[in-house]
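Asks: My questions concern the predicted model and sequence given below.
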Amino acid sequence: MEHFDVVIIGAGASGLFCAAQAGYRGRKVLVLDHANKAGKKILMSGGGRCNFTNLDAAPKHFLSDNPYFCISALKRYTSYDFVELVDRHGLEYVEKAPGQYFCEHSAKDLLNILLTECEWSGSEIRLDTKINTIDQLENGFKLATSGGQIQCESLVVATGGLSIPTLGASGFGYQIAEQFDLKVLPRRASLVPITIQPTMKEKLSTLSGISLDIEATANGVTFKEPMLFTHRGISGPAILQISNFWQPGDELQLNLLPDMDPDAHFKALRQDKPKRALETELNSLLPKRFVEVMKQDVPWMTKPMAELSNEQLAQVIEYLTHFDVQPNGTEGYRTAEVTLGGVDTNEVSSKTFECNNVKGLYLIGEVLDVTGWLGGYNFQFAWSSGFAAGQFV
Ligand SMILES: Cc1cc2nc3c(=O)[nH]c(=O)nc-3n(C[C@H](O)[C@H](O)[C@H](O)COP(=O)(O)OP(=O)(O)OC[C@H]3O[C@@H](n4cnc5c(N)ncnc54)[C@H](O)[C@@H]3O)c2cc1C
């Protein structure tokens, strides 16, 4: 039987970061993962360039049954702390949108920093290892793994969420939670493309690949970002963001003219350019292929502006500012970036991430019911929670 002070299940973002922190404290740390490579999601993230943090990683950018839970960890290890760490390693990065940091070259550079930190701290990583059973001992845990029996004092569950099973995602963290009688809240795929009803899908089939700036609203929350039409439905930042808030059965409101007062715009245009066809104007505001689709519903849009009544203009404005869709679901865990929901945060201390009722058992990262918006927030929670637990394991 091998002995370690700390065993961490999951060599992903939170697990690797926690391992380094604990290792630097002089703890003997082992990270186990069933995948053949550490940090697979990191490598895939941010289009291969990993949006590794957001300088505005405040609690308002996270969803959880307990919105206060993440405050402590985010305060104790901030995005500025993480940026300071990657600076020390000489990582080259870019700020793509305000506060949103991506690797300049490749997510591999970020993963290498985590692996270097693990190495420097003396933490060991074992891949291709299946954990068969976990038993609680009087003072720790015993794991039966495909590589033999391992005993440890602290056990950290850093197994992430369910999204993208081909990258190693599994429900193992939730199984462990259930084994130790921890409450697991309902989960669903999020930061995910939305699929739409067949008739609408058919109508929009020619638009696949088109991106436009929109405002997406669901349940009183609005995001103004680009949307992308796909052959399955709609995607792009605005849709991924709103998928955190949209609930099955809800309508999704899309405003395709987010940056203007359309009523004033079209009325002024009718006055100033009466001979201009509405279609010509729309072609200057929206992708041409979209205007073609719209023509099926608004055939009179080929007419000059002067011939259009106030009522007709109002109809056009309604069409474009309420291009609402009735989604029939999402693309699910196959393409989702995160799992919304998870292990109830009331089960763990917001300071140490240790379970309130199971001494020595810690849960960090996405396995918990803490989900960030799109924009580097999810990785920041992985670093902050990994750091917090790393001080106590
Ligand atoms: C395509 C994609 C792009 C993303 N882009 C971004 C981004 O740019 N910015 C951002 O902030 N977030 C992004 N995310 C979300 C982010 O990757 C996760 O929130 C983050 O990785 C969670 O960290 P974690 O440590 O909790 O889990 P993970 O990083 O997922 O690590 C979990 C680890 O546990 C291992 N594991 C699972 N089951 C078992 C088991 N049974 N036995 C042993 N090991 C197991 C897995 O193999 C994995 O290595 C993206 C996600 C995806 C899928």
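Replies: That came in fine, so what should we check first?

Asks: Span of stretch 31-40 from start to end?
Replies: 15 Å (CA to CA, to the nearest Å).

Asks: same check, this time on stretch 352-362
Replies: End-to-end distance (CA to CA), stretch 352-362: 8 Å.

Asks: what's the answer for stretch 19-29, then?
Replies: Rule used - CA to CA; the end-to-end distance of stretch 19-29 is 6 Å.

Asks: Show residues contacting that stretch.
Replies: 3-8, 31, 114, 117-118, 120-125, 154, 386-387, 389-391, 393 (CB atoms under 8 Å, 6 or more residues apart in numbering). For the C-beta atoms, the positions are set from N, CA and C on the backbone; glycine is no exception.

Asks: now with 7 Å?
Replies: 4-6, 8, 31, 117-118, 121-124, 386-387, 390-391, 393 (CB atoms under 7 Å, 6 or more residues apart in numbering).

Asks: Then stretch 82-96?
Replies: Here stretch 82-96 has contacts from 53, 101-105, 109-110, 113, 116, 380, 383, using CB under 7 Å, 6+ apart.

Asks: Just the C-alphas of that stretch, formatted as PDB.
Replies: Output of stretch 82-96 as PDB, limited to C-alpha atoms (Å, rounded to 0.1, in the frame of the first residue of the first chain):
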ATOM      1  CA  PHE A  82      -3.000  34.300 -11.300                       C
ATOM      2  CA  VAL A  83      -1.800  36.900 -13.800                       C
ATOM      3  CA  GLU A  84       1.200  37.600 -11.500                       C
ATOM      4  CA  LEU A  85       1.900  33.800 -11.600                       C
ATOM      5  CA  VAL A  86       1.800  33.500 -15.400                       C
ATOM      6  CA  ASP A  87       4.000  36.700 -15.600                       C
ATOM      7  CA  ARG A  88       6.600  35.000 -13.500                       C
ATOM      8  CA  HIS A  89       6.600  32.100 -16.000                       C
ATOM      9  CA  GLY A  90       6.900  34.500 -18.900                       C
ATOM     10  CA  LEU A  91       3.600  33.600 -20.500                       C
ATOM     11  CA  GLU A  92       2.800  35.800 -23.500                       C
ATOM     12  CA  TYR A  93      -0.900  36.600 -23.400                       C
ATOM     13  CA  VAL A  94      -3.500  39.000 -25.000                       C
ATOM     14  CA  GLU A  95      -6.500  40.900 -23.600                       C
ATOM     15  CA  LYS A  96      -9.000  40.000 -26.300                       C
END
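
Asks: Now do the buried residues in that stretch.
Replies: 82-83, 85-86, 91, 93 (16 or more other CB atoms under 10 Å).

Asks: Averaged pLDDT, that stretch. What do you get?
Replies: For stretch 82-96, the mean per-residue pLDDT is 98.

Asks: Kindly report the residues of this structure close to the ligand.
Replies: Within reach of the ligand by CB under 6 Å from any ligand atom, the chain has these residues: 9-15, 32-35, 40-41, 44-46, 50-51, 131, 158-160, 163-164, 168-170, 172, 337-338, 365-367, 376-379, 382.

Asks: Thank you, goodbye.
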